[in-house]
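Asker: Build me a model:
(one chain, ligands or ions: 3)
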Amino acid sequence: MKATLTVLGSGTSMGVPTIGCSCAVCRSTDPHDRRTRPSVLIEYGGKFVLIDTTPDFREQAIREGIHQLDAVLYTHTHADHILGIDDLRPLSFLHKPNKLPLYAHPEAADFIRKMFRYIFDSDYKFGGLPQVELRKINGAVELFGARFEPIALIHGDSEIYGFRFGSAAYLTDHSEIPEASLERLRDLDILFLDALRYKPHPTHSTVEHSLETVKRLKPRRAFFTHICHDLPHEETNAALPENVKLSYDGMKLEFDIV
Ligand SMILES: [Zn+2]
Ligand SMILES: [Zn+2]
Ligand SMILES: [Zn+2]
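Answerer: Ligands and ions are numbered 1, 2, ... in the order given. As a prediction, the model looks like this:
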C-alpha cells in the first residue's frame, strides 16, 4: 500500500527563525529556512496518522489543509513535541463516534495525563476539551492495516521512541541509536534522522553523526530533521551526499507502508 509522508515541521525546539536572533539563516528569505517544530503526517488508505503535536500544530494543519486525523503517536514528552495537544480539538470533534486515540510509551502517557489534567481528569461541563484518549504503547501499534514499530532511541539521558512504519522510519530527537534498534532499521526506503547542527550537543545528533548512521544503515533516501539555525538549507544540501538531504516544512514523500 502506498503512503504519503508530509513534513509538518523540520525545525528544532525553538524553531527557525529563532526569537530574537538576527543570524543569516533567521533572516533568510528562502522559505526552506523557515522551520516549525518537528512533526510528520502519514496518509494511507484514506487514514491520517500524526507523529507529535508541536506548539506549531495549528499553523501546520492549516498550511497543509489537514481535515482528518485518525491517530496520534508521541515520540516523547518534551515541550516541542506535545504542547500543540489542545489544537487537536477541531479534528478530535470530527473523529466520530469514538475519541481520537493518542499512543505513547507508558511513562510518556502518564506524563501527558498529569501535564494536561484539564483534558483527561476534569469533568468540565461546558465542552471545548479535546476529545482524545491515551493508549499506552506495548510493542508494535497496528493502525488501519499498517504496523508502527516503536524504535528505542537514546536522547541525552532518557530513552524515547522513534517509529518504523513499512519502508520508512522517523527517528527524531536522539544522541545515540542502540545496537538493537539499528538491527530493526534494515532495508529502508526512507530514513529520517535528527541532525541539529554541526557542533556536538549532549542530547541531539549532528550532521556528521547522522551521516555515519546513513552509511551504516544504507537507506535508499535519508532526510535530516530537528534542524537549528546553524544550517542554511541550500548551502548545507549542496555539501551532503546525493541520497541525503535536509527535510523542509511541506516536503512530501511517497513510500510503501505495507
Ligand atoms: Zn525535540
Ligand atoms: Zn538565528
Ligand atoms: Zn526532545
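Asker: could you say which helix or strand contains the residue of the stretch 101-250 of the chain found nearest ligand 3?
Answerer: Residue of the stretch 101-250 of the chain nearest ligand 3, by C-beta to the ion: Asp173 (3.7 Å). Just so you know, the C-beta spots here come from the backbone N, C-alpha and C atoms, and that holds for glycine as well. Using DSSP states H and E, Asp173 sits within no helix or strand.
Asker: contacts for stretch 203-215?
Answerer: Stretch 203-215 has contacts (C-beta atoms under 8 Å, 6 or more residues apart in numbering) with 12, 155-156, 173-175, 177, 182, 191, 193-200, 222, 224, 226, 231, 236, 240-241, 243-244.
Asker: that older thread, give the bridge partners for the nearest residue to the residue of the stretch 101-250 of the chain closest to ligand 3 once chain neighbours are set aside, please.
Answerer: Distances taken as C-beta to C-beta, 6 or more residues apart in numbering place His155 nearest to Asp173, at 4.7 Å, with adjacent residues excluded. According to DSSP bridges, the residues that bridge with His155 are Ser158.
Asker: Can you tell me how far His155 is from ligand 2?
Answerer: 23 Å (C-beta to the ion, to the nearest Å).
Asker: Repeat that for Tyr74.
Answerer: 28 Å.
Asker: I'd assumed Ile112 was in contact with that residue.
Answerer: Yes: between Tyr74 and Ile112 there is a contact at 7.1 Å, judged by C-beta atoms under 8 Å.
Asker: what sits opposite the spatially most central residue of the chain in the beta ladder?
Answerer: Centroid-nearest residue in the chain, with C-alpha atoms, centre = their mean: Ser39, separated by 3.3 Å. Beta bridges link Ser39 to Gly9 when assigned by DSSP bridges.
Asker: Can you find the helix or strand of this structure with the lowest average pLDDT?
Answerer: Between all helices and strands in the chain, the lowest mean by mean pLDDT, DSSP states H and E belongs to helix 117-120, at a mean of 94.
Asker: so after it, what's the next helix or strand?
Answerer: Downstream of helix 117-120 (by DSSP H and E), the next one is strand 132-136.
Asker: And the contacts of that next one?
Answerer: Contacts for strand 132-136 (C-beta under 8 Å, 6+ apart): 72, 85, 88, 92, 98-106, 109, 112-113, 119-120.
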